[in-house]
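In: Could you look at this predicted model? Sequence included:
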Amino acid sequence: MTDKELYVKFQNLFKYQEGKLIRKVDVKQTKKGDEAGTINGCGYKQVRVEGKIYLVHRIIWLLTYKHLPICIDHINHKQSDNRIENLRAATKSQNAHNRVINKNSTTGVKGVSFVKCRNKWRAQIKLNNIPINLGEFDDLNEAEKAVTDYRQKAHGEYAHNG
């Protein structure tokens, strides 16, 4: 389905209001005027339309701008915050730059790992999916500064350090 066709479909079913998708028609247990969507396992709000699942932030973007980019980034990293001012178009690479730190991080610093055999902190960042080694450091704070500075320079407004 094209963006234009989706826009028409969603415009008949929903309206955007203060970060929420509001139903224009009654559907099963939900009534006209109710907020649409439930939170999925990844923390994003989603709705089911004609048996297909759609992410609410993508519908809100489409209703506002009448087209869909490849990715839509949540600026504040809260997947359920779908205020239009918290959403921005992004490439897959830009969206990846803005990710939060991995829950499995042992250092607590995005892009820094500890190399036991050298007793050093390794600073590494990805640019265009290519790992770039920024060096090994005696001090965790030095390694963190290296990745933070490089990330800001390389990723600009999409840089996210934690």
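Out: Everything's here; your move. Residues are numbered from 1 along each chain as shown.
In: so where is the protein shaky, pLDDT-wise?
Out: 161-162 (pLDDT under 70).
In: 90 instead, please
Out: Applying pLDDT under 90 to the chain picks out residues 1, 27-30, 42, 76-77, 91-111, 125-131, 148, 150-162.
In: domain ranges for it?
Out: 3-90, 94-158 (automatic domain parsing).
In: would TSV of these with mean neighbour count be doable?
Out: The C-beta positions use only the backbone N, C-alpha and C, and glycine is treated the same way. TSV is the format used below for the domains of the chain (neighbours: other Cβ atoms under 10 Å):
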stretch	mean neighbour count
domain 3-90	15
domain 94-158	15
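In: could you say what helices and strands the longest helix anywhere in the chain packs with?
Out: If you go by DSSP state H, the chain has its longest helix at helix 140-155. When contacts are defined as 3 or more Cβ pairs under 8 Å, 6 or more residues apart in numbering; DSSP states H and E, helix 140-155 packs onto helix 92-97, strand 112-115, strand 120-127, strand 130-137.
In: repeat that for 6 Å
Out: Where contact means 3 or more Cβ pairs under 6 Å, 6 or more residues apart in numbering; DSSP states H and E, helix 140-155 is packed against strand 112-115, strand 120-127, strand 130-137.
In: which residues touch stretch 119-136?
Out: 111-115, 137, 140, 143, 146-147, 150-151, 154 (Cβ atoms under 6 Å, 6 or more residues apart in numbering).
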